[in-house]
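**Q** pasting the sequence and the predicted coordinates here, then a few questions.
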Amino acid sequence: MSKTILFGGLTPLHELLIKGAVESFGYRAQFLPTPDNSSLRVGREYCNRGMCNPTYYTVGNLIKFLQEKAAQGIPVEEEFLFVTVGACGPCRFGMYETEYRHALKEAGFKNFKVSILNQSEFSSEGEFELTPSLLWALVKAVWLADVLRDLGYQLRPYEVEEGSVDREIGNFSRELYLALKGGAGVLELYSLLKNLRERLEELPFDYTRVKPVVSVIGEFWAHTTEGDGNYRLHRWLEEEGAEVRPEPVAGWIDYQLFIEAEKVKREIKVKGVSVNRLKRLAAVKLMAFVFRSLYNLFRAPFSFRPKPLPSQKLLAELAKPYFDYMVVGGEGHLEVAKHVYSVKYKKAHMVVSVKPFGCMPSTQSDGAQVKVLADYPHSIFISVETSGDGEVNVKSRVQMKLYEAKRAAKEEFDSLLRELNMTYSGFERVFSCEEFREPFVKLSDRFIGTGARALWANRLRVKSLLEPSVEVV
Ligand code: SF4
């Protein structure tokens, strides 16, 4: 293909690695800049009325890019092809493709080509063909980006040298891009990740900082983007003193496979067993198994520190009293399930759910979250709507909840100190030693906060270091 493939909509890290994966098949690829509020304005100008925010941001972002290129004299309709993910709905996601075509026409690019990747069938329409080997390369790229992103959010709040984690991950992601572009296999990628671990081990970390863990969930695009679409929430929360848990894109793919498997199971129940249906079920289940195994393999070099993908079956069970998991569209039951999972399994002190303006599925989930809060009154939960404006209002609401989360993290840590009959200064003294300043310090699952997890996991060693030495006379 002579055209350059344009794509976008995830994080810069995901997009860099996807570019490498696509280029390894001989395509030219370019990712769009992260959508900002000027993209939103352009989107509102050319899209139909009544769309949800992600539509305006993403469609507007493409048109803005094409307008800029056209102004430089580049014949954009011959030069570029846009590839995006689509589905049959049932929310506005099903209308994205039409909306892209409509807005492009309105903006004067009526011959501009858009290729659609069907997210649930892993198939493609248009000039860009999604082959099984390209799909595998994309999965590797996205999983790597998820793992690195998660790792960055877990390590950055404890770095001693400001900017050191971003620097290492940034340099490494460029190497990873070149490796993916060169068609690196799983084992090569694995050994590169081990290399990153060694580099991170050179950096000092301070786990005496007691920080609340904040999970960011919500509508897929709104909780994934790292731009104006969610007021740059992840980085802002980090600046405000939180340790952020972003959601991996892999979790979304895992969800799609789970729903596909459930649909086939229902079909078998209603229409009976057939070889074709059994084959389809086996294929989806095998795919989910392979994808999960790959995700865990990429977590392994970092002592499995990046969070695992929770079982989809468990999430569906957790959501059951509040939301039928076969009600699909947007994140379906996942917004509710992730909230319950975080509270019940002590995964975060606070949960922020990001709902884009005009999002139907998130509005439904918000209704169900009221009942979740009634059942789990100790949950620190906030749902925010992102509309492009109202940033100050949203952030001040989140700040109030974050204050509660900080208090909860401190209480958790203080109760652990009491249980161990230890003082904070004693803990601080021991954790200032070289041994506890390495990034991949042992962590327990008993607590939420990283400091508490580290102290509990290493309590015997900490106590032995704190005990006064006995002098033999
Ligand atoms: S989930 Fe909500 S925001 Fe996302 S495409 Fe559907 S309606 Fe729009």
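**A** Thanks, I have it. All values reported here derive from a predicted model rather than from experimental measurement. Numbers count the residues shown, from 1 in each chain.
**Q** I figured L294 hits V142, correct?
**A** No: with contact defined as Cβ atoms under 8 Å, L294 does not reach V142; the gap is 10.3 Å. Backbone N, C-alpha and C define where each C-beta goes, glycine included.
**Q** and those two? Which one has more around it.
**A** Neighbours per residue, other Cβ atoms under 10 Å: of L294 and V142, the larger number sits with V142, 22 against 19.
**Q** which SSE is that one in?
**A** Element membership for V142, per DSSP states H and E: helix 132-155.
**Q** likewise for F447?
**A** Per DSSP H and E: nothing holds F447, as it lies in no helix or strand.
**Q** what helix or strand is the residue lying closest to it once chain neighbours are set aside located in?
**A** Leaving aside its chain neighbours, F447 sits nearest to R453 (5.0 Å; criterion: Cβ to Cβ, 6 or more residues apart in numbering). Element membership of R453 [criterion: DSSP H and E] is helix 450-457.
**Q** C-terminal to that helix, what's the next element?
**A** helix 459-466.
**Q** flag every buried residue along the helix holding V142.
**A** Using 16 or more other Cβ atoms under 10 Å as the test for burial, helix 132-155 gives 134-135, 137-155.
**Q** mean confidence score for the helix or strand containing W221?
**A** In this assignment (DSSP H and E), W221 forms part of helix 220-224. Across helix 220-224, pLDDT averages out at 94.
**Q** likewise for stretch 153-163?
**A** In this model, stretch 153-163 has a mean pLDDT of 98.
**Q** which parts of the protein sit against the ligand?
**A** 52, 54, 91-93, 219, 221, 330, 356, 359-362 (Cβ under 6 Å from any ligand atom).
**Q** go again with 5 Å.
**A** C52, P54, C91, R92, F93, E219, G330, P356, C359, P361 (Cβ under 5 Å from any ligand atom).
**Q** got those as CSV, with neighbour count and secondary structure columns?
**A** Formatted as CSV, the residues of the chain next to the ligand follow (neighbours: other Cβ atoms under 10 Å; DSSP: H, G, I helix; E, B strand; the rest coil):
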residue, neighbour count, secondary structure
C52, 24, coil
P54, 28, helix
C91, 19, coil
R92, 21, helix
F93, 23, helix
E219, 28, coil
G330, 27, coil
P356, 27, strand
C359, 27, coil
P361, 24, helix
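**Q** Throw those residues into TSV and include distance to L203, thanks.
**A** Output for these, formatted as TSV (distance: Cβ to Cβ, whole Å):
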residue	distance to L203
C52	41
P54	36
C91	43
R92	43
F93	40
E219	35
G330	39
P356	36
C359	39
P361	41
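**Q** starting at the chain centroid, how far to whichever strand or helix holds G170?
**A** Per DSSP H and E, G170 falls inside helix 164-181. With Cα atoms, centre = their mean, to the nearest Å as the basis, helix 164-181 stands 18 Å off its chain's centre.
**Q** and the angle from that helix to helix 132-155?
**A** 170 degrees (axes from the mean of the first three to the mean of the last three Cα atoms, to 10 degrees).
**Q** which residues of the protein fall in strands?
**A** Using DSSP state E, the strands of the chain run over 4-7, 28-31, 80-86, 113-118, 123-125, 213-218, 243-245, 350-356, 381-386.
**Q** by mean pLDDT, which helix or strand of the chain comes out lowest?
**A** strand 123-125 (a mean of 66; mean pLDDT, DSSP states H and E).
**Q** does D150 touch P306 like I think?
**A** Yes: using Cβ under 8 Å, D150 makes contact with P306 at a distance of 3.9 Å.
**Q** give me the neighbour count for N393.
**A** When neighbours are counted by other Cβ under 10 Å, N393 registers 12.
**Q** shaky segments in the stretch 351-473 of the chain?
**A** Low-confidence segments of the stretch 351-473 of the chain, defined by pLDDT under 70, are located at 468-473.
**Q** grab the nearest non-local neighbour of T224.
**A** T224's closest residue in space is L10 (Cβ to Cβ, 6+ apart), at 6.0 Å.
**Q** show me the contacts for A141.
**A** H14, L17, I18, G20, A21, L180 (Cβ atoms under 8 Å, 6 or more residues apart in numbering).
**Q** 10 Å instead, please
**A** 13-22, 24, 176-177, 180, 189 (Cβ atoms under 10 Å, 6 or more residues apart in numbering).
**Q** now rank those by neighbours and give me the top one.
**A** Top of the contacts of A141 by neighbour count (other Cβ under 10 Å): L17, with 28 neighbours.
**Q** if we can go back for a sec, got any residues that touch both of D150 and P306?
**A** Common neighbours of D150 and P306 (Cβ under 10 Å, 6+ apart) are P248, R299.
**Q** and the spatially closest residue to L297 that is not a sequence neighbour, how close does it get to the ligand?
**A** Of all residues not flanking L297 in the chain, Y190 sits nearest, at 6.3 Å (Cβ to Cβ, 6+ apart). For Y190, the distance to the ligand equals 34 Å [Cβ to the nearest ligand atom, to the nearest Å].
**Q** just to check, V244 is in contact with N230?
**A** No: under the criterion of Cβ atoms under 10 Å, V244 makes no contact with N230, lying 11.8 Å away.
**Q** anything in contact with each of these two?
**A** Shared contacts of V244 and N230 (Cβ under 10 Å, 6+ apart): V216, W236, V352.
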